[in-house]
Each structure stands twice: as C-alpha cells, then as structure tokens.
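Trainee: model the structure of this input:
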Amino acid sequence: MIRKTIISGVFLIFLGIILGSIAAHGLKKAGLDAEKIASFEVGVRLQMYTGMGLLLLAGIQQYLKFSLKSPVNLMLIGVTFFSGSIYFLSTKQIHGIEAGKIFPLITPVGGMLLIISWAIILIRYIAQKD
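Mentor: Got it, this is the predicted structure:
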C-alpha cells in the first residue's frame, strides 16, 4: 500500500506541475479569460495538496494501526472527480465539448469524497489505541 500511495502522490504532483505550467502560460494564449484560468488553477492546487497529503500518509503509515486502503482510494477518486471536472469545465471554450447537466455535479461529489477520506483517517486515528 505504501508503494501505491507514494506513486499516486508523486504522479499527482508531477501532473500538477505540468497542468500548472499550462495554466500559467498556455491557457491565456488559448484565449481563456482570467476567471476560467483561476478555476483551472483551483483544480491544480487541490491536486497538488492531495499529492502532498498522500506522500505524508506514506511517511506516517508505519505509525498507524489501521489500513489506509479505503481512504486513499476515496482520495484518488475524489481528486480525479474534483480536479478533472474543473479542468474539463474551465477549458470548454477551447475543446468545445458540452458538459451536460450531470457533469458539473461531479465537482462537489469529488470534493465530498476528499473530505470524507480525510475524516475517515482522522476518526480512525483518534480511535486508535497507542
């Protein structure tokens, strides 16, 4: 589980740096307005935070007496939904694909999954007997 957590965290950070560079340099040239670029950057920021959080969890996993499998999986689904939907919705002007009515609902679902994953870790750690 530690290997998967580290690989996932590093990949999210790696991809976040690439997408952050695209946001800083390419999206303005592509004609996106400042509001859409700011939205895209929110997705990048949360993706980076999640990647760093996963690396932190990998580093402290030896001190935990419970499995991180479920919360890490929820985290990965959550960040994919949250950041991925923001990337898609904020760049609609470039790709021209209509999001439909359901797709924008993916963002808050992703955010809730991220919150739930961290809440699970907190509750399990508080309940852990040292």
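
Trainee: in space, what's closest to Gly51 - neighbours in sequence excluded?
Mentor: Closest residue to Gly51 apart from its sequence neighbours, by C-beta to C-beta, 6 or more residues apart in numbering: Leu12 at 3.2 Å. Where you see a C-beta, it was placed from the backbone N, CA and C, and this is true even at glycine.

Trainee: roughly how far apart are the one you found and Gln128?
Mentor: Leu12 is 26 Å from Gln128, where distance means C-beta to C-beta, to the nearest Å.

Trainee: give me the more crowded residue out of the two.
Mentor: Leu12 (25 against 11; other C-beta atoms under 10 Å).

Trainee: got a list of what that one touches?
Mentor: For Leu12, the contact set (C-beta atoms under 8 Å, 6 or more residues apart in numbering) comprises 47-48, 50-51, 54, 79.

Trainee: what pLDDT does the model give Ala23?
Mentor: pLDDT, Ala23: 87.

Trainee: picking that back up, just say helix, strand or coil for the residue nearest to Gly51.
Mentor: Following DSSP: H, G, I helix; E, B strand; the rest coil, Leu12 is assigned to helix.

Trainee: kindly report the same for Phe66.
Mentor: coil.

Trainee: how about the nearest residue to it, chain neighbours excluded?
Mentor: Beyond its immediate neighbours in the sequence, the residue positioned closest to Phe66 (C-beta to C-beta, 6+ apart) is Arg124, lying 4.5 Å away.

Trainee: could you report the neighbour count for that neighbour?
Mentor: 16.

Trainee: the protein: helices as residue ranges?
Mentor: For the chain, helices defined by DSSP state H occupy the ranges 2-21, 27-29, 34-60, 69-90, 92-95, 106-127.
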